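Novice: Sequence and predicted structure, then a few things I'm wondering about:
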Amino acid sequence: MKKLLVSWAAAGLFLTAAGAAFGASWGTPIKTLGSGGVEFYNGQYKFNPPHTNHGAFEWEGMLKDANHGDGHNVYMQARVEGHGWVRYNGKQKTTVKLHQSNWDGAQLYTHHAHLRACRDRGSLRPDNCSETLDFENKKAR
């Protein structure tokens, strides 16, 4: 009887862990981005196939105002080929979860995308941004 209970408990733990891992990760991890007062972490991305969510570059993660005392907001920028940067604002003194999709409406799927985290330092000083990550859809070839 004990062996049966132990095997049921082990099976339950395994299925719970597998379900949590499946639900928590739907894409490829994005390395943590940061630059003086801004941090983007727990990010992941995927390139959707043609005719699925516009064949978009889909990404998500946590955008954090890492310096509450500086009075500046934070934001993410995303760009797909043939288009300019799109800005997604965060909130001062807190962390927000972002989940966005970027695509070119003239194409069935996205080939290349770029992502960076920035701190808005106002109109008199230039914003500071993290390094720009470049992503390529290897399945699009």
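Specialist: Arrived safely, thanks for sending.
Novice: now stretch 129-139, how far from the centre of its chain.
Specialist: Here stretch 129-139 shows a centroid-to-chain-centroid distance of 11 Å under the convention C-alpha atoms, centre = their mean, to the nearest Å.
Novice: Ends of that stretch, what's the gap?
Specialist: 29 Å (C-alpha to C-alpha, to the nearest Å).
Novice: what's the answer for stretch 120-133, then?
Specialist: 19 Å.
Novice: Counting neighbours, show which residues of it come out buried.
Specialist: 120-121, 127, 129-130, 133 (16 or more other C-beta atoms under 10 Å). Heads up, the C-betas are built off the backbone N, CA and C, glycines and all.
Novice: Kindly report the same for stretch 40-60.
Specialist: For stretch 40-60, by 16+ other C-beta under 10 Å, it's 40, 43-48, 54-60.
Novice: Just give me the closest of those to Leu115.
Specialist: Trp59 (6.4 Å; C-beta to C-beta).
Novice: so that closest one is in which element?
Specialist: strand 57-65 (DSSP states H and E).
Novice: who are the neighbours of the helix or strand following that strand, in terms of helices and strands?
Specialist: As assigned by DSSP H and E, the chain's next helix or strand after strand 57-65 is strand 73-80. Applying 3 or more C-beta pairs under 8 Å, 6 or more residues apart in numbering; DSSP states H and E, we find strand 73-80 packed against strand 38-47, strand 57-65, strand 86-89, strand 95-102, strand 112-120.
Novice: Before I go, just wanted to say thanks for your time.
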